[in-house]
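> fold the following.
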Amino acid sequence: MTDDPRRTELQRTALHDLHLSLGARMVPFAGWEMPVQYPMGVMAEHLHTRAHAGLFDVSHMGQVLVTPRDGQMETAALALESLIPADVLGLAPGRQRYGLFTNPQGGILDDLMFANRGDHFLLVVNAACAHQDIAHLQGLDEVTVTPVTDRGLLALQGPQAADVLARLVPAAADMRFMDSRILDWNGIELWVSRSGYTGEDGFEISVPVADLRRFAQALLDQPEVAAIGLGARDSLRLEAGMPLYGHDMDKDVTPAQAALQWSIPKARRTGGARAGGFPGADAILAELADGAAVVRRGLRPEGRAPIREGVAIFAGAEGGEAIGHVSSGGFGPSVGAPVAMARLPAGLPDGATVHAELRGKRIPVAITPLPFITPSYKR
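As a prediction, this is how the structure comes out:
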């Protein structure tokens, strides 16, 4: 990711002191000082989230309200569709979807979540892209764009997340995957979605900054919950086959190349009711019809040595040019083995063997379907 060049000092979330009190190791990330791990360690934090419930501070993410100037949600939806190749118009109130901002060349400017809140949309964008995304949205004449600056964002993830949150906020138990609702906790308004970035059931919860530490502590007081840092967040999303902006996709990678064509529905494709009309539509839709030359794939190396970002991938054990490079890679604690992703030539079948060049030697790597684990979302 690329930090905003105008930022000269790292920003801190409202939970900075809590992280320090919990023994977190803090690192720079996307212009913020964030916890990468706690004394439990990355592997234990990862496995705790898969088995119980992990609490992540994701307050560095950008939250943005988009409101129609004429009061008509159709106006705002169509305005957003001019930037995002998704079905915004068909999104029901109280529901959320995944989408992409694209550029005129068909590349991805950022990925985001957008929710229909009845009279406005709530968008959550990546921290490193938030400034550019807000400027991008502010180019729309039909809507008012309001960055949310008085709230923090938590992610509660894991198979016991629903039980934990329901103790504090009983109405959360009724939510389905990708529901987005405004709920009450002791008179405090929470913006809750049933979603996340781990492959587990869970919630993302927007909380007023003034109440953020108190709510986070109430969650941490539950016996199933542990604080989880960016290190485990990365290994969890990698096992779940979820791409990371700035690594598995960027402004030079198209939706089809990133294996995100599923986010572009029939209505926005050639022949659809609202085909095209977004930046890069001609290139993106042609590639969806014809197939991308390279596509993000899963990789499982032999042995236990991880192959990390930047490692070259070759077709054969000797000679030849690299056919791709690892975009994300590491050890998958739940898988019990190294896992990685890379954009490779289309047409290579699942199970095919390619080779990663690691410390001057080439090791066999199997092309593997994504995700590496079975997601457990609440449908």
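> state the phi and psi torsions of residue 119.
Backbone torsions of residue 119, given as degrees, to the nearest 10, read phi -120, psi 10.
> ok, it - contacts?
By C-beta atoms under 8 Å, 6 or more residues apart in numbering, residue 119 lies in contact with 67, 71, 73. Every C-beta, even on glycine, is put in place using the N, C-alpha and C of the backbone.
> the second one: what's it in contact with?
Right, residue 71. Going by C-beta under 8 Å, 6+ apart, the list of residues near residue 71 reads residue 119.
> of the contacts of residue 119, which belong to strands?
Using DSSP state E to define strands, the subset of the contacts of residue 119 located there is residue 67.
> ok, so of the contacts of residue 119, who is nearest residue 45?
Ranked by distance to residue 45 (C-beta to C-beta), the contacts of residue 119 are led by residue 67 at 38.0 Å.
> per-residue confidence at the spatially most central residue of the chain?
Nearest to the mean C-alpha position of the chain, by C-alpha atoms, centre = their mean, lies residue 197 at 5.4 Å. Note for residue 197: predicted pLDDT of 96.
> in space, what's closest to it - neighbours in sequence excluded?
residue 237 (5.0 Å; C-beta to C-beta, 6 or more residues apart in numbering).
> shouldn't that neighbour be within a strand?
No - when the secondary structure is assigned by DSSP: H, G, I helix; E, B strand; the rest coil, residue 237 falls in helix instead of a strand.
> mind listing what it touches?
Per C-beta under 8 Å, 6+ apart, neighbours of residue 237: 197, 198, 199, 244.
> with adjacent residues omitted, what lies nearest to the second one?
In this structure, residue 198 finds its nearest non-sequential neighbour in residue 236, 4.0 Å apart by C-beta to C-beta, 6+ apart.
> okay, now the unreliable bits of the chain?
Applying pLDDT under 70 to the chain flags residues 1-8.
> switch to 80 and redo it
Low-confidence regions of the chain, defined by pLDDT under 80, span residues 1-8, 378-379.
> could you chop it up by domain?
Domain ranges of the chain: 1-242, 261-368, per automatic domain parsing.
> end-to-end on the shortest one?
Terminal residues of domain 261-368 lie 19 Å apart, using C-alpha to C-alpha, to the nearest Å.
> thought residue 58 was touching residue 155?
Yes - Residue 58 is within contact range of residue 155, at 5.1 Å (criterion: C-beta atoms under 8 Å).
> who has more neighbours, those two?
Set residue 58 next to residue 155 and count neighbours by other C-beta atoms under 10 Å: residue 155 wins out with 23 against 20.
> does that one fall in a helix, a strand, or a coil region?
Secondary structure, three-state DSSP: residue 155 is strand.
> beta partners for it?
Beta bridges link residue 155 to residue 56, residue 204, judged by DSSP bridges.
> and it, what does it touch?
Residue 155 sits next to 55, 56, 58, 196, 197, 198, 202, 203, 204, 205 when contact means C-beta under 8 Å, 6+ apart.
> ranges for the helices of this structure?
Using DSSP state H, the helices of the chain run over 16-21, 42-51, 73-81, 130-137, 161-168, 209-220, 230-239, 281-290.
> buried set for the fourth one?
To tie it back to what came earlier, the one meant is helix 130-137. Buried residues in helix 130-137, counting neighbours by 16 or more other C-beta atoms under 10 Å, are found at 130, 131, 132, 133, 134, 136, 137.
> top of the contacts of residue 237 by neighbour count?
That'd be residue 198 among those, by other C-beta under 10 Å, with 27 neighbours.
> isn't it right up against residue 49?
Yes - if you go by C-beta under 8 Å, residue 198 and residue 49 touch, sitting 6.1 Å apart.
> common neighbours of the two, please.
Common neighbours of residue 198 and residue 49, using C-beta under 8 Å, 6+ apart, are 157, 158, 236.
> mind putting the residues you listed into TSV with distance to residue 356?
What follows is these, written out as TSV (distance: C-beta to C-beta, whole Å):
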residue	distance to residue 356
157	30
158	31
236	22
